[in-house]
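Colleague: sequence and predicted structure below; questions after.
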Amino acid sequence: MSYLKVSEVSKRYDAGSLALEDFSLQVKRGGVVSMVGESGSGKSSLLRIIAGLEVQSAGVVHLGDQKILNPAQKLVPGYDEIQLIHQEYKLYPNSTVEENIARPLLLYDKAYQKERTAEILELLSLRAFKDKKPRQLSGGQQQKVAIGRALSIEPEVLLLDEPFSSLDAIQKRDLIEELKEIFDALEVTVIFVTHDVDDALLMSEELLIIQKGKLLQQGNVREVFRKPASAYVARLFGYLNLIPGAEEAYVRPSEVKITSKTSIKAEVVKQQFLIHYNLLTVKLEDSELFWKVDDPSRSVNVGDEVFLDYQKEQLIQF
Ligand SMILES: Nc1ncnc2c1ncn2[C@@H]1O[C@H](COP(=O)(O)OP(=O)(O)OP(=O)(O)O)[C@@H](O)[C@H]1O
């Protein structure tokens, strides 16, 4: 059963074009989904509308049976149950980590404040830093404190709007993996917004692809990878090699095998050393087409002649 439900939401700012168009989306309770979309595709607008912080032009958002009211309908915008964290999310600079995390709990009794803050410090492995000020922490630790603060009041939904884009690649990867385990354990519903598919996949197998204010595809990564709804979605996962003579049939570099038998003949014109394999650029014989091919054995060189093969089931067609 869906829990967070966005129904036909549209958003137009002033006289501008539609930032969101008839956008519908359902996330189940405790689900963690990653939303991928390029800059300006409407991701932030959507999260702000879900959080009740932005007035939509049309449509409605529900959390369970509760209709989310927007700032035009509610005196104090936003909900404790729905926490939005973005890159510029500010911690209180003169308060310690512990005080920052305890801040949203000020209205609760002292014993609960203490207990819950200790729980969050433990959960996020921040106990050793509890007396430090935000400026004494790394970027990743600061973002963890921000998430700890949001989690302190036990929200039902956490909306993460590219919160890690200022972190370096290693910090980011470690933090996403750590948070993923925490979110799974807490059973909090999470939408993680990013423009980076690798980050999205580290966080969750459930993907939402958004482009120009429209939801292009929602589903498990295997399904999105195998049956992308459009060439745009397919290309988010990397290069596509056009099949000679075909209109819109492609094969991914990772699905092309270098074989010894006579199949598609090509000449290697470029070789790039990547982390897990060499990426080859090859020119197909009797064709103007260039393909990208993965060479995990790193055994092929520029100028070599290769034979290529792929399984028909691996073709991507639109
Ligand atoms: N307050 C605003 N006033 C006018 N236009 C806006 C406003 N906020 C967003 N927009 C426009 O709405 C569209 C969607 O913006 P939005 O920030 O939601 O996209 P995004 O996918 O989050 O982009 P980014 O990844 O760059 O943050 C863009 O064309 C943007 O210029």
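Modeller: Thanks, I have it.

Colleague: residues from this protein in reach of the ligand?
Modeller: Residues of the chain lying close to the ligand by CB under 6 Å from any ligand atom are Y13, G16, A19, G37, S39, G40, S41, G42, K43, S44, S45, H195. C-beta: built from backbone N, CA, C; applies to glycine.

Colleague: pLDDT weak spots in the stretch 1-150 of the chain?
Modeller: 1-2 (pLDDT under 70).

Colleague: that one: helices as residue ranges?
Modeller: 43-50, 97-102, 110-123, 139-152 (DSSP state H, counting those that start in this stretch).

Colleague: backbone dihedrals for K172, please?
Modeller: The phi/psi pair for K172 (degrees, to the nearest 10) reads phi -60, psi -50.

Colleague: correction: I176
Modeller: Per degrees, to the nearest 10, the backbone of I176 is at phi -60, psi -40.

Colleague: and if you look at the one 4 residues further on?
Modeller: Dihedral angles of K180 (phi, psi; degrees, to the nearest 10) stand at phi -60, psi -50.

Colleague: ok, what's across the strand from the closest residue to H62 other than its chain neighbours?
Modeller: The shortest distance from H62 to any non-neighbouring residue, by CB to CB, 6 or more residues apart in numbering, is to K5 (4.5 Å). Beta bridges link K5 to Q26, H62 when assigned by DSSP bridges.

Colleague: how near is K5 to L91?
Modeller: For K5, the distance to L91 (CB to CB, to the nearest Å) stands at 32 Å.

Colleague: quick one, which of those two is more surrounded?
Modeller: L91 (21 against 18; other CB atoms under 10 Å).

Colleague: quick one: residues contacting the nearest residue to the more buried one once chain neighbours are set aside.
Modeller: Distance criterion CB to CB, 6+ apart; nearest residue to L91, sequence neighbours excluded, is P134 at 4.2 Å. When contacts are counted by CB atoms under 8 Å, 6 or more residues apart in numbering, P134 touches L91, Y92, P93, S95, V97, N100, Q142, V145.

Colleague: by neighbours, which of those wins?
Modeller: Going by other CB under 10 Å, V97 tops the contacts of P134 with 29 neighbours.

Colleague: what about that residue, distance to L124?
Modeller: Relative to L124, and taking CB to CB, V97 is found at 10 Å.

Colleague: overlap in contacts of these two?
Modeller: With CB under 8 Å, 6+ apart as the test, V97 and L124 both reach V145, G148.

Colleague: from what I see, L46 and S10 are in contact.
Modeller: No: if you go by CB atoms under 8 Å, L46 and S10 don't touch, sitting 10.7 Å apart.

Colleague: distance from the chain centre to stretch 32-48, please.
Modeller: 8 Å (CA atoms, centre = their mean, to the nearest Å).

Colleague: start and end of that stretch, how far apart?
Modeller: Stretch 32-48 has an end-to-end distance of 18 Å (CA to CA, to the nearest Å).

Colleague: quick check: buried residues in it?
Modeller: 32-37, 41-48 (16 or more other CB atoms under 10 Å).

Colleague: check stretch 23-31 too.
Modeller: F23, L25, V27, G31.

Colleague: what residues does the nearest residue to the second one once chain neighbours are set aside make contact with?
Modeller: Spelled out, that is L25. With sequence-adjacent residues excluded and distances taken as CB to CB, 6+ apart, L25 is closest to V6, at 4.2 Å. V6 makes contact with F23, S24, L25, Q26, L46, I49, I50, G59, V61, according to CB under 8 Å, 6+ apart.

Colleague: switch these over to a markdown table; also include distance to F129.
Modeller: Below are the contacts of V6 laid out as a markdown table (distance: CB to CB, whole Å):
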| residue | distance to F129 |
| --- | --- |
| F23 | 39 |
| S24 | 41 |
| L25 | 36 |
| Q26 | 38 |
| L46 | 33 |
| I49 | 34 |
| I50 | 31 |
| G59 | 42 |
| V61 | 35 |
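
Colleague: and those, which is closest to L158?
Modeller: L158 lies nearest to I50 out of the contacts of V6, by CB to CB, at 11.0 Å.

Colleague: what is the burial count for that closest one?
Modeller: 25.

Colleague: against Y89, how distant is it?
Modeller: 16 Å.

Colleague: can you pull out the helices in the stretch 201-318 of the chain?
Modeller: Going by DSSP H, counting those that start in this stretch, the stretch 201-318 of the chain shows helices at 221-226, 231-235.

Colleague: pull the distance from the shortest one to the chain's centre.
Modeller: Right, the one you point to is helix 231-235. With CA atoms, centre = their mean, you get 16 Å for helix 231-235.

Colleague: dump the residue contacts of the residue in the stretch 51-200 of the chain that the ligand sits nearest to.
Modeller: Relative to the ligand, the nearest point of the stretch 51-200 of the chain is H195 (5.9 Å; CB to the nearest ligand atom). Neighbouring residues of H195 by CB under 8 Å, 6+ apart: V36, G37, E38, S39, E162.

Colleague: done for today, thanks.
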